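Student: sharing a model that was predicted from the sequence below.
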Amino acid sequence: YITCRSRECSRPLFTGENIMNTLRDLTVKYDVDALELGYTKHYSEILEKNISSDYNPKEQFTKVLEIGVETGRSHRLWLEYFHNAKVYGYDIFEYGVEEFHKLQKDNPYLDRSIMFKGDQSNVDDIERFLSEHGSDFDMIIDDGGHTMKQMQVSLNYLWNSLKSGGFYVIEDLHSCSNQWPWLYGYKVIEDGDTLTTDLLDSLSKKDNKITETNYIPSQMLAKIREELDWCETRIGVEKYTNSKGQSYQWPTMLSFMRKK
């Protein structure tokens, strides 16, 4: 905190470091693995990079979509962090459901929590979600199944629902290593797939090396390129071993895309 010296002013002001610690504290509070994966520091930097009285994501974001809810721990984090936003959770709700319902019971922010059951690689499900809940999202986070099809189908159909100036985030890009050929019952890399990391690298460099993928047609990919302000893929941690004792072959990775 920074406290004003004047007797009339004792209001605490938040510095960038305080804001970052707030997000870190919430990650710890809700036992979200984003901290050990090395993601929290990047979210903090991206969301607070150009904070001002005119631009404050924590205060001004009103619609946030998170694909991949599972137990709902990160969903609770975003509900508290973006305290003026409705947070939409999109999931197949087949894993961690019992713990999800248990945690939701004492969730004080249920009035802003909206759940949707659907498969992120199913176009009908995505279109149904958009029909029911509209667009104009400030941030879309893909922490879903992590297959090339799921990530790229979602980007193809959800990019247009992102606000100008909004962020599209894809987590756990280390699935592109194919260390796990199957995740949650889905094949991670199918024949002829473009690796999502390669696609994002091309978007970042604006080199047009990739003009289409199995799931994003050339016209849509050209539109994404035209509307993309910037794209950054970041390493979370160089080495990671999960709670099951599995050591990852690649560093943990996530990518941020900012829409013009």
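Tutor: Sure thing, it's come through. Residues are numbered from 1 along each chain as shown.
Student: only C-alpha atoms from now on, for both contacts and neighbour counts.
Tutor: Noted.
Student: which parts of this structure are strands?
Tutor: 63-67, 86-91, 113-117, 137-142, 162-171, 182-183, 186-187, 228-235, 253-259 (DSSP state E).
Student: got the ones you listed as JSON lines, with mean neighbour count, distance to residue 220 and mean pLDDT columns?
Tutor: Converted to JSON lines, those look like this (neighbours: other C-alpha atoms under 10 Å; distance: least, C-alpha to C-alpha, whole Å; pLDDT from 0 to 100):
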{"stretch": "strand 63-67", "mean neighbour count": "22", "distance to residue 220": "21", "mean pLDDT": "98"}
{"stretch": "strand 86-91", "mean neighbour count": "24", "distance to residue 220": "23", "mean pLDDT": "97"}
{"stretch": "strand 113-117", "mean neighbour count": "15", "distance to residue 220": "25", "mean pLDDT": "96"}
{"stretch": "strand 137-142", "mean neighbour count": "24", "distance to residue 220": "18", "mean pLDDT": "98"}
{"stretch": "strand 162-171", "mean neighbour count": "21", "distance to residue 220": "14", "mean pLDDT": "97"}
{"stretch": "strand 182-183", "mean neighbour count": "14", "distance to residue 220": "27", "mean pLDDT": "94"}
{"stretch": "strand 186-187", "mean neighbour count": "15", "distance to residue 220": "24", "mean pLDDT": "96"}
{"stretch": "strand 228-235", "mean neighbour count": "18", "distance to residue 220": "12", "mean pLDDT": "97"}
{"stretch": "strand 253-259", "mean neighbour count": "22", "distance to residue 220": "14", "mean pLDDT": "98"}
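Student: quick one: closest of these to residue 97.
Tutor: Closest approach to residue 97 among those is made by strand 86-91 (10.2 Å; C-alpha to C-alpha).
Student: what is that closest one packed up against?
Tutor: In terms of contacts (3 or more C-alpha pairs under 8 Å, 6 or more residues apart in numbering; DSSP states H and E), strand 86-91 is packed against strand 63-67, helix 73-81, strand 113-117.
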